[in-house]
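Chemist: here are the coordinates; sequence isn't available:
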């Protein structure tokens, strides 16, 4: 390997950040150690992909490293068992990294199952009817020498979205993911001293970039929360001097309601960035959130193939009611919904995007059939560009 920093696990380890008060480098080293010490795992992954069914946290880094050289399918913990089975079959997955609790969602079969409840200290590998505990506590240090790299074009992560009832897997290379994570650092001005709360599963790549990969690249601290629980998040935010928080509109509405119920505003002067992912937050929520927290709720917009297309970056005035301005590295165009021809600024049309932070291909498609850096991706969103460069919904 000419430059280890061209691969996501090494790049995240080199950032010097911490997850749940553990060095990210240690969690990554544990993953490579697991691969070295488990012959059944190596056999299960031979010529096949892996899958990750985990909440955010240390085990995610260990699983990502143990998937070295193979694309890892990010399975959403909230998916139905049938959906998970379809994705595993479609991507030809040979091993799944998960926990004992989440393993109940997996279909029966000959795939290896790796339990990471005790990562980075140990892992339990279940393969071919045998269960083996692998000690990960002692391992060699990582070789993190190298220059910052645009990233390898090998598969890294795969996410699925339903399309007409069939699973469609979008493939993100190391280049795509590093561009997404570095864009998150740029868009939110993440610094080494930041403390980010990660409460959304890594299967949401926008949250993965904003609350996990981006902060670790910048050397920041990440505290994980297994489930998106508003009351617990509020306690962690107020107790831990959190500086950045991401979630969907329902998540922020729940925190706001909790603050209103107790009658006292958020007591965290350090909180500076709050990002709403998914569906747009209502104008009333923006106002309530600002009233009770003193911070602006920043809207982001993305699609499965391009997790972060538009973003209301915190170093600009918040444009409430808009989808934001183009995310770093993403090019945006508005085209006629029927003809596909570009339209003038201020005219409604369908949003199209392209750039390194978008997927490079789809599972099962031939190489070169789709290259996001050279081709435009259509989105489902109708929008118009405003005079200030922000895009507002037109549907």
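Modeler: Structure's in. What do you need? Remember, predicted model here, so these are calculated numbers, not experimental data. Numbers count the residues shown, from 1 in each chain.

Chemist: report pLDDT for residue 7.
Modeler: pLDDT for residue 7: 89.

Chemist: in the helix or strand bottoming out on mean pLDDT in the chain, which residues are buried?
Modeler: Every helix and strand of the chain was ranked by mean pLDDT, DSSP states H and E. The lowest is strand 155-163, at a mean of 82. Across strand 155-163, burial judged by 16 or more other CB atoms under 10 Å covers 155-160. For the C-beta atoms, the positions are set from N, CA and C on the backbone; glycine is no exception.

Chemist: and for stretch 327-339?
Modeler: Under the neighbour-count criterion of 16+ other CB under 10 Å, stretch 327-339 has 327-330, 332, 334-335 buried.

Chemist: stretch 347-367 too?
Modeler: Judged by neighbour count using 16+ other CB under 10 Å, the buried positions of stretch 347-367 are 348-361, 363.

Chemist: relative to residue 100, which of the residues you listed is nearest.
Modeler: Residue 100 has its nearest neighbour among these in residue 363, at 27.9 Å by CB to CB.

Chemist: which residues touch the closest one?
Modeler: Counting by CB atoms under 8 Å, 6 or more residues apart in numbering, residue 363 touches 90-91, 158, 168-171.

Chemist: narrow these to those in helices?
Modeler: Using DSSP state H, residue 90 are the members of the contacts of residue 363 that sit in helices.

Chemist: make CSV out of the contacts of residue 363 and add distance to residue 296.
Modeler: Below are the contacts of residue 363 laid out as CSV (distance: CB to CB, whole Å):
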residue, distance to residue 296
90, 40
91, 39
158, 34
168, 34
169, 35
170, 30
171, 34
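
Chemist: quick check: of the buried residues of strand 155-163, which lies closest to residue 20?
Modeler: For the buried residues of strand 155-163, the minimum distance to residue 20 (CB to CB) is 21.1 Å, reached by residue 157.

Chemist: isn't that closest one up against residue 63?
Modeler: No - assessed by CB atoms under 8 Å, residue 157 is found out of contact with residue 63, at 10.8 Å.

Chemist: what touches both of these two?
Modeler: residue 72.

Chemist: quick one: the strands in the stretch 101-250 of the chain?
Modeler: For the stretch 101-250 of the chain, strands defined by DSSP state E, counting those that start in this stretch occupy the ranges 112-115, 122-127, 130-135, 155-163, 166-173, 195-198, 221-224, 244-248.

Chemist: tell me what the fourth one is packed against?
Modeler: By that I understand strand 155-163. On a contact count with 3 or more CB pairs under 8 Å, 6 or more residues apart in numbering; DSSP states H and E, strand 155-163 meets strand 72-74, helix 81-90, strand 166-173, helix 174-188.

Chemist: partner strands of it and their direction?
Modeler: With DSSP bridges as the test, strand 155-163 is paired with strand 72-74 (parallel), strand 166-173 (antiparallel).

Chemist: okay, angle between the last one and helix 81-90 too, please.
Modeler: Looking back up the chat, that one is strand 166-173. Angle of strand 166-173 versus helix 81-90, following axes from the mean of the first three to the mean of the last three CA atoms, to 10 degrees, is 60 degrees.

Chemist: distance from strand 166-173 to the middle of the chain?
Modeler: In terms of CA atoms, centre = their mean, to the nearest Å, the centre of strand 166-173 is set 14 Å apart from its chain centre.

Chemist: how many degrees apart are that strand and helix 174-188 in direction?
Modeler: Here the directions of strand 166-173 and helix 174-188 differ by 80 degrees (the same axes, to 10 degrees).

Chemist: residues of strand 166-173 that come out buried?
Modeler: In strand 166-173, counting by 16+ other CB under 10 Å, buried: 167-173.

Chemist: just to revisit the earlier point, any chance of the strands of the stretch 101-250 of the chain in CSV, with distance to residue 278 too?
Modeler: Formatted as CSV, the strands of the stretch 101-250 of the chain follow (distance: least, CB to CB, whole Å):
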stretch, distance to residue 278
strand 112-115, 30
strand 122-127, 32
strand 130-135, 37
strand 155-163, 13
strand 166-173, 17
strand 195-198, 16
strand 221-224, 20
strand 244-248, 4
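
Chemist: let me see the contact set for residue 260.
Modeler: Here residue 260 is in contact with 288, 292 (criterion: CB under 8 Å, 6+ apart).

Chemist: same thing with residue 216?
Modeler: Here residue 216 is in contact with 12, 15, 17, 19, 24, 222 (criterion: CB under 8 Å, 6+ apart).

Chemist: from these, which land in helices?
Modeler: Within these, residues falling in helices by DSSP H are 12, 24.

Chemist: where are the low-confidence patches of the stretch 51-200 of the chain?
Modeler: Applying pLDDT under 70 to the stretch 51-200 of the chain picks out residues 139-150, 162-167.

Chemist: what's the pLDDT at the residue nearest to residue 350 when sequence neighbours are not counted?
Modeler: Of all residues not flanking residue 350 in the chain, residue 337 sits nearest, at 4.6 Å (CB to CB, 6 or more residues apart in numbering). At residue 337, the pLDDT value in this model is 90.

Chemist: helix, strand or coil for residue 337?
Modeler: With DSSP: H, G, I helix; E, B strand; the rest coil as the basis, residue 337 sits in coil.

Chemist: any idea how far residue 253 is from it?
Modeler: Computed as CB to CB, to the nearest Å, the residue 337 to residue 253 distance reads 31 Å.

Chemist: done for today, thanks.
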